[in-house]
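Q: below: sequence and its predicted model.
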Amino acid sequence: MSVRRLTARPPLVLLLVTALLAGLVLALGGGTPARAADALLSQGRPATASSTENGGTPAAAAVDGNTGTRWSSAASDPQWLQVDLGATATLSRVVLSWEAAYAKAYQLQASTDGSTWTTLYSTGTGAGGTENLTVTGSGRYVRVLGTQRATQYGYSLWEFQVYGSAAGTGCGSTDAALNRPTTASSTENGGTPTAAAVDGNPGTRWSSAASDPQWLQVDLGSVQSLCGVRLVWEAAYAKAYQLQTSTDGSTWTTIYSTGTGAGGTENLTVTGSGRYVRVLGTQRATQYGYSLWEFQVLTGGPPSSSAVLLSYGKPATASTFQDSGFCSGCTPAKAFDADPATRWASSDTTGWVDPGWIAVDLGATAAISKVVLQWDPAYGKAYQLQTSADGSNWTTIYSTSTGAGFKESIDVSGTGRYVRMYGTQRGTPYGYSLWGFDVYGTGGNPTPPPALPPNPGNPTHLVWSDEFNSPAGTAPDASKWTADAGPGVNNELEYYTTGNRNSYHDGTGNLVIEARKEVTPGSSCPRDPLSGSTTCQYTSGRINTADHFNFTYGHVEARIKVTGTQGIWPAFWLLGANFRTGTPWPNSGEIDIMEHVGKVADTVYSTLHAPAYNGAGGYGSPYTVPGSDFASAFHVYGMDWDSSHMTFSVDGNAFFTVDRTTLEQTRGPWVYDHPFYLILNNAVGGDWPGAPDGTTVFPQKMLVDYVRVSQ
């Protein structure tokens with residue numbers, strides 16, 4: 001439940017942020033390693049279909065990354081939708097986000113030529129909603145072939161997502177242009193700056209003056225090998241343009257040219273190298289200027305098939321390290337422990353200076369091919385990657401003065417037993433800090449990192465549930481649930497009780513979690529504005545599965561009728577199981593599937609919390625049905641979760657997808673590859689909903705029809 005469910009403990013070195021969250025302390029620890037995941041290959045790629053219902057539901061709408069647009073077909077069988085990935089890829093997963101017109105029977109197929117198809121998955125019992133399907137196979141073209149509609153209408157998909165890894169292209173999925181310095185020939189106005197095209201936000205854009213030619217360029221910080229460019233055009237697109245590279249920003253080499261640009265999203269395979277990359281528009285397609293939502297540059301690729309992670313668990317040293325209330329035990333080893341929730345930070349008393357460095361001993365000489373840095377907000381703007389045979393004499397294999405922080409995947413070529421990041425200019429007034437410092441290559445003396453848990457099966461099957469069919473008045477099943485008794489946190493005003501006092505079955509198939517206005521003698525809560533008392537004036541229930549059921553990945557859903565009055569805060573959420581063994585929040589990770597605050601009747605919220613993004617800065621999205629009241633009826637709140645993504649849904653409507661790669665490049669580490677447990681509660685008051693007032697109605701009953709987990 002965002003910052004609220006447990007005492008908030010910000011991890012940041014930054015004293016400014018610490019001051020805003022006064023008195024909150026972070027002690028790092030615990031966690032389970034996160035490893036690289038397959039990429040989303042289909043977004044923005046060319047799509048075709050057997051038919052379209054009308055001009056407003058084109059094939060491209062199913063691969064545009066926008067969950068508010070869709071493809072729909074004619075109302076007959078069979079129908080198909082296919083996407084061209086641009087090159088043969090190894091396929092691992094397909095996500096189908098169906099509109100109400102879904103397929104009861106369909107196949108997922110792949111092809112190398114778009115003519116001969118191989119079936120990867122087949123079902124005659126499709127359930128609609130969001131289907132997250134594990135597949136094995138390869139192909140350039142992937143299609144969903146519907147053979148039996150579930151309704152009288154056609155087939156309709158909000159999103160058709162294909163995940164995997166490019167085979168033989170050598171091109172990675174990391175956007176090297178993300179948040180890099182940009183310049184342009186012109187900007188239309190202050191609301192469309194150059195930086196908006198490389199900020200990772202598809203809702204902001206750069207636009208130029210309405211004349212030819214115009215250009216936009218990005219500085220990658222160092223000379224890099226280029227393999228792809230992705231242009232996401234606004235309606236004002238380029239009919240004729242060139243992609244160009246330069247080592248100095250003055251002399252340009254054209255690596256792609258067209259006179260028939262079609263706008264929309266263009267995924268272009270290129271070959272070349274340079275520090276600077278630009279798109280040079282020579283003929284506009286409209287009377288307006290040029291306008292790009294996103295300008296992405298792909299460089300190099302993942303480590304070669306023979307390269308392995310060399311740095312896990314290896315001895316580390318640094319110029320200084322922090323060990324204080326703001327970052328306890330933030331030693332150099334924390335950057336190499338494969339735990340995305342722990343970090344190294346330079347000392348807050350002696351280490352907020354330049355230069356600052358951290359080094360790892362690989363145990364033997366190695367050939368280094370890639371370094372991945374996952375920065376805390378205290379990042380390096382200018383730094384070098386260096387190797388050494390003896391830990392004393394260093395050779396620079398990479399250098400930049402325009403580091404942008406977050407996750408940087410850097411292709412390098414060097415040899416040595418020791419590798420270090422040598423920072424010469426901090427990106428903030430504070431120190432240097434890394435959640436992860438991963439070195440890939442061959443040789444060395446590597447220790448295999450812990451493996452990821454297995455992704456959900458295909459198809460999934462039910463592994464745990466509670467249907468709440470017990471007799472009226474009985475407490476939650478003690479073999480499945482434990483009560484969290486005592487005062488709430490986050491300035492909540494309730495006292496959580498045990499047994500069946502506030503959490504009980506209603507005898508008609510529902511669990512009731514009831515918030516009441518009643519005093520708990522001898523208790524202590526924040527001051528209640530209505531009574532002025534610091535004795536807890538309200539009671540409610542909070543239950544969890546920690547002692548009974550913990551799980552990693554899967555489909556989770558609950559059918560709930562929330563409460564809905566001022567000052568009430570019902571929630572369905574997950575907390576990392578390592579919280580119970582000493583890992584503090586938010587290092588444990590938190591996944592809020594559903595939160596509702598009574599003062600906003602027509603909206604529910606899904607949010608992630610981790611050390612780098614938590615509380616009011618959590619990563620999430622609202623789901624709003626304007627004019628509705630979620631408290632007036634039952635709704636199904638769900639999440640699909642695996643090693644590379646989470647998709648949140650309400651009543652089968654997917655509205656928020658967290659892509660691991662995007663999260664790491666824009667917010668911070670993904671900390672969700674370990675067991676979590678379920679929590680249900682109905683809070684009173686707190687920082688977010690505010691306290692009850694004269695309009696608040698008690699009692700308030702949160703009804704839960706079922707909770708189910710499938711893997």
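A: Thanks, I have the structure now.

Q: helices and strands of this protein: which one bottoms out on pLDDT?
A: Least confident helix or strand, the chain: helix 15-20 with a mean of 30, by mean pLDDT, DSSP states H and E.

Q: correct me, but Ala103 touches Gln148?
A: Yes: using CB atoms under 8 Å, Ala103 makes contact with Gln148 at a distance of 6.9 Å. Glycine gets a C-beta too; all of them are placed from N, C-alpha and C.

Q: neighbour count: those two, which is higher?
A: Ranked by neighbour count (other CB atoms under 10 Å), Ala103 and Gln148 place Ala103 first, with 30 against 12.

Q: residues touching that one, list them.
A: Contacts of Ala103 were listed using CB atoms under 8 Å, 6 or more residues apart in numbering, and they are Gly126, Gly128, Val144, Gly146, Thr147, Gln148, Arg149, Ala150, Tyr155.

Q: so what's the residue count around the nearest residue to it once chain neighbours are set aside?
A: Leaving aside its chain neighbours, Ala103 sits nearest to Gly146 (4.1 Å; criterion: CB to CB, 6 or more residues apart in numbering). Other residues within reach of Gly146, judged by other CB under 10 Å, total 25.

Q: gap between Gly146 and Thr545?
A: Look at Gly146 and Thr545: by CB to CB, to the nearest Å, they are 37 Å apart.

Q: show me where the stretch 601-711 of the chain has strands.
A: Secondary structure of the stretch 601-711 of the chain (DSSP state E, counting those that start in this stretch): strands at 603-609, 619-624, 635-641, 645-650, 653-659, 676-684, 700-710.

Q: between the two ends of stretch 245-256, how far is it?
A: The first and last residues of stretch 245-256 sit 10 Å apart, counting by CA to CA, to the nearest Å.

Q: now what about it, what contacts it?
A: Here stretch 245-256 makes contact (CB under 8 Å, 6+ apart) with 217, 219, 223, 226, 229, 242-244, 268, 270-278, 280.

Q: how does it look with 6 Å?
A: For stretch 245-256, contacts defined as CB atoms under 6 Å, 6 or more residues apart in numbering pick out Val223, Gln242, Leu243, Gln244, Leu268, Val270, Gly272, Gly274, Arg275, Tyr276, Val277.

Q: please name the nearest non-neighbouring residue to the fourth one.
A: In this case it means Gln244. Closest residue in space to Gln244, ignoring its immediate chain neighbours: Trp252 at 4.2 Å, by CB to CB, 6+ apart.

Q: same deal with the fifth one?
A: Distance criterion CB to CB, 6+ apart; nearest residue to Leu268, sequence neighbours excluded, is Val229 at 4.8 Å.

Q: please list all residues in contact with that neighbour.
A: The contact partners of Val229, taken as CB under 6 Å, 6+ apart, are Leu243, Leu268, Val270, Val297.

Q: distance check, the second one against Ala610.
A: The spacing between Leu268 and Ala610, counted by CB to CB, is 34 Å.

Q: residue contacts, Leu178?
A: Contacts of Leu178 by CB under 6 Å, 6+ apart are Gly200, Gln665.

Q: again, only using 8 Å
A: Contacts of Leu178 by CB under 8 Å, 6+ apart are Val198, Asp199, Gly200, Gln296, Ala404, Phe406, Gln665, Thr666.

Q: any chance of JSON lines for these, columns secondary structure, distance to Gly264 and pLDDT?
A: Formatted as JSON lines, the contacts of Leu178 follow (DSSP: H, G, I helix; E, B strand; the rest coil; distance: CB to CB, whole Å; pLDDT from 0 to 100):
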{"residue": "Val198", "secondary structure": "helix", "distance to Gly264": "19", "pLDDT": "92"}
{"residue": "Asp199", "secondary structure": "coil", "distance to Gly264": "20", "pLDDT": "88"}
{"residue": "Gly200", "secondary structure": "coil", "distance to Gly264": "19", "pLDDT": "83"}
{"residue": "Gln296", "secondary structure": "strand", "distance to Gly264": "14", "pLDDT": "92"}
{"residue": "Ala404", "secondary structure": "coil", "distance to Gly264": "27", "pLDDT": "89"}
{"residue": "Phe406", "secondary structure": "coil", "distance to Gly264": "27", "pLDDT": "94"}
{"residue": "Gln665", "secondary structure": "helix", "distance to Gly264": "23", "pLDDT": "89"}
{"residue": "Thr666", "secondary structure": "helix", "distance to Gly264": "23", "pLDDT": "91"}
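
Q: can I get stretch 661-669 in CSV, CA atoms only?
A: C-alpha atoms of stretch 661-669 as CSV (Å, rounded to 0.1, in the frame of the first residue of the first chain):
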residue,chain,number,x,y,z
THR,A,661,14.2,-3.1,-19.0
THR,A,662,12.3,0.2,-19.0
LEU,A,663,12.1,0.2,-15.2
GLU,A,664,15.8,-0.3,-14.8
GLN,A,665,16.7,2.4,-17.3
THR,A,666,14.3,5.0,-16.0
ARG,A,667,13.6,4.4,-12.2
GLY,A,668,16.0,1.9,-10.6
PRO,A,669,16.5,-1.8,-9.9
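
Q: coming back round to it: so which of the contacts of stretch 245-256 wins on neighbours?
A: Ranking the contacts of stretch 245-256 using other CB under 10 Å puts Val277 first, with 28 neighbours.

Q: quick check, pLDDT for that residue.
A: On pLDDT, Val277 comes in at 96.

Q: which other helices and strands contact the one helix or strand it maps to?
A: Val277 belongs to strand 265-284 when assigned by DSSP states H and E. Strand 265-284 sits against strand 79-98, strand 214-233, strand 238-246, strand 253-258, strand 291-299, with contacts defined as 3 or more CB pairs under 8 Å, 6 or more residues apart in numbering; DSSP states H and E.

Q: what mean pLDDT does stretch 88-101 get?
A: Rounded mean pLDDT across stretch 88-101 is 89.

Q: could you do stretch 413-426 as well?
A: In this model, stretch 413-426 carries a mean pLDDT of 95.

Q: and if you look at stretch 529-541?
A: 97.

Q: quick one: low-confidence parts of the stretch 201-350 of the chain?
A: By pLDDT under 70, the low-scoring segments of the stretch 201-350 of the chain are 300-306.

Q: picking that back up, check what pLDDT the residue nearest to Ala103 gets.
A: Value for Gly146, per-residue pLDDT: 94.

Q: I figured Phe549 hits Leu678, correct?
A: Yes: counting by CB under 8 Å, Phe549 does reach Leu678; the two are 7.2 Å apart.

Q: could you dump the contacts of Leu178 into a markdown table and include neighbour count and distance to Thr57?
A: Output for the contacts of Leu178, formatted as a markdown table (neighbours: other CB atoms under 10 Å; distance: CB to CB, whole Å):
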| residue | neighbour count | distance to Thr57 |
| --- | --- | --- |
| Val198 | 25 | 31 |
| Asp199 | 18 | 30 |
| Gly200 | 16 | 28 |
| Gln296 | 22 | 27 |
| Ala404 | 21 | 38 |
| Phe406 | 23 | 36 |
| Gln665 | 22 | 31 |
| Thr666 | 18 | 30 |
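
Q: which of the residues you listed lies closest to Leu41?
A: Distance to Leu41 across these (CB to CB) is lowest for Gln296, with 14.0 Å.

Q: show me the beta-bridge partners of that closest one.
A: For Gln296, the beta-bridge partners under DSSP bridges are Arg230.
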